[in-house]
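Q: curious how this folds, go ahead:
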Amino acid sequence: MIRTKFASLAFAGALSLAGGLSAQAEELSFAHFVPPGHTLTAAVIEPLAESVGESSDLTIRVYPGGELGKGPLEQYVRVVQGVADIVWGLPGYTSSQFQKTMIAEMPGVIADGEPGYPAIWNAMELIESEFPATKPLAVWTSEPNVFIMKDKEIRSPEDLAGLKMRVAGSTSALMIEALGATPVQMPAGEIYNALQTGLIDGVVTGSSAIADFKLNEVANSYTIGAPLGRLTFYVVMNQGRYDGLTDEQKAAIDAVAGAPLSESAEKAWNALADKTIAMLEADPAKTVINLSDEEVAAFGAVTEPLTAKLVADLGAEDVFAAMSGE
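A: Alright, predicted model coming up:
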């Protein structure tokens, strides 16, 4: 368990500030399934804790590493049931619930170099029904997905034929199938062992995950530039818990919720991604493949038509328009 009120406090070990908190302070529990050193802490938890702590008597107690439940797939259920007041999770882990939200993950929806969180919040009125019984505090996208491989080099769709590729959700799964590989869904915490033992040949995810989950220890080839979309993430709060707060406490949360907290998260994800790619490029034991325009186009010829089909199948042209700015 970790207690914190301000962003400057270290999120390590069993830090406890119980003795220094006012007897009137109200505590919110924040549960997630990754270690305290994950990007989530500095990008989301600390800014949230600092913001609400400065303008209200709210404090945040963090339960990292699955302390309130080991299953990453059950994060949304956990907050709805009140096991935790706030949770972090990935829509892809329960893809059937977040079909319209995950349009933001599809290739060609968000332009290269553009942030993803504004696209999602532009469409929030159209997708809010996918967040029942909760108040979204932050929803954002990762940096663009890359191929992370063990002993395989990916330069064309043909290179994927017959390979087993870990994906985070249904959107990536359909894309990988279209490219000729077999998708394997599993939580991020299982990737390391699966890649090390050969259960999978590679991974489609953002490059920030290489650092967060130490995948550079087991992967040796990385392909950058293919139009593979992104991942989406959410931080949501139990709606009943929010409704029960005082007006001052609600205002403290509202001041950081939405675009501000989402921007903080996405910037941190992208910064770690850039740092990670630079680290890999400097390592002579790693192969980093930056695709040419022609090679990028070969992947796009497969993945981008799939986006149009999926949007049409969902009847979600309005969501696509809101997210892509059309």
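Q: how close does Ala219 sit to Ile45?
A: 28 Å (Cβ to Cβ, to the nearest Å). C-beta coordinates here come from the backbone N, C-alpha and C atoms, glycine included.
Q: same check, this time on Glu190
A: From Glu190 to Ile45 the distance is 23 Å (Cβ to Cβ).
Q: more neighbours: which of the two?
A: Ile45 (25 against 15; other Cβ atoms under 10 Å).
Q: and that one, what are its phi and psi?
A: The phi and psi torsions at Ile45 (degrees, to the nearest 10) take the values phi -70, psi -50.
Q: that one and Asp283, how far apart?
A: For Ile45, the distance to Asp283 - Cβ to Cβ - is 30 Å.
Q: again, but for Ile86
A: 37 Å.
Q: Thr223 - nearest residue in space that isn't next to it in sequence?
A: Nearest non-adjacent residue to Thr223, counting by Cβ to Cβ, 6 or more residues apart in numbering: Phe147, 3.9 Å away.
Q: after the helix or strand hosting the one you found comes which helix or strand?
A: Here Phe147, judged by DSSP states H and E, is contained in strand 145-149. Next along the chain after strand 145-149, taking DSSP H and E as the criterion, comes strand 164-167.
Q: quick check: mean pLDDT of whichever helix or strand comes after that next one?
A: Downstream of strand 164-167, the next assigned helix or strand under DSSP H and E is helix 170-178. Across helix 170-178, the average pLDDT comes to 94.
Q: just the buried residues of helix 170-178, please?
A: 170-176 (16 or more other Cβ atoms under 10 Å).
Q: do the same with stretch 295-314
A: Here stretch 295-314 shows 295-296, 299-300, 302-304, 306-307, 310-311 as buried, counting by 16+ other Cβ under 10 Å.
Q: hmm, who's touching the helix or strand encompassing Ile127?
A: Element membership for Ile127 (DSSP H and E) is helix 124-127. Residues from elsewhere that reach helix 124-127 (Cβ atoms under 8 Å, 6 or more residues apart in numbering): 98, 100-101, 120, 136, 139, 316, 318-319, 322.
Q: narrow these to those in strands?
A: Among those, the members found in strands (DSSP state E) are 136, 139.
Q: ok, Val235 touching Leu261?
A: Yes: between Val235 and Leu261 there is a contact under Cβ atoms under 8 Å: 7.0 Å.
Q: joint contacts of these two?
A: Contact with both Val235 and Leu261 is made by residues 44, 48, 137-138, according to Cβ under 8 Å, 6+ apart.
Q: by neighbours, which of the residues you listed wins?
A: Of all the shared contacts of Val235 and Leu261, Leu48 has the most neighbours under the rule other Cβ under 10 Å, reaching 29 neighbours.
Q: related to what we said a few turns ago, give me the more crowded residue out of Ile86 and Asp283.
A: Under the criterion of other Cβ under 10 Å, the comparison of Ile86 against Asp283 puts Ile86 first, with 25 against 12.
Q: where does the stretch 1-150 of the chain dip in pLDDT?
A: 1-24 (pLDDT under 70).
Q: and the helices in it, which stretches?
A: Ranges of helices within the stretch 1-150 of the chain are 39-40, 46-55, 75-80, 117-122, 124-127, based on DSSP state H, counting those that start in this stretch.
Q: how about these in a markdown table, adding distance to Thr197?
A: Listed next are the helices of the stretch 1-150 of the chain as a markdown table, based on distance: least, Cβ to Cβ, whole Å:
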| stretch | distance to Thr197 |
| --- | --- |
| helix 39-40 | 26 |
| helix 46-55 | 35 |
| helix 75-80 | 26 |
| helix 117-122 | 35 |
| helix 124-127 | 38 |
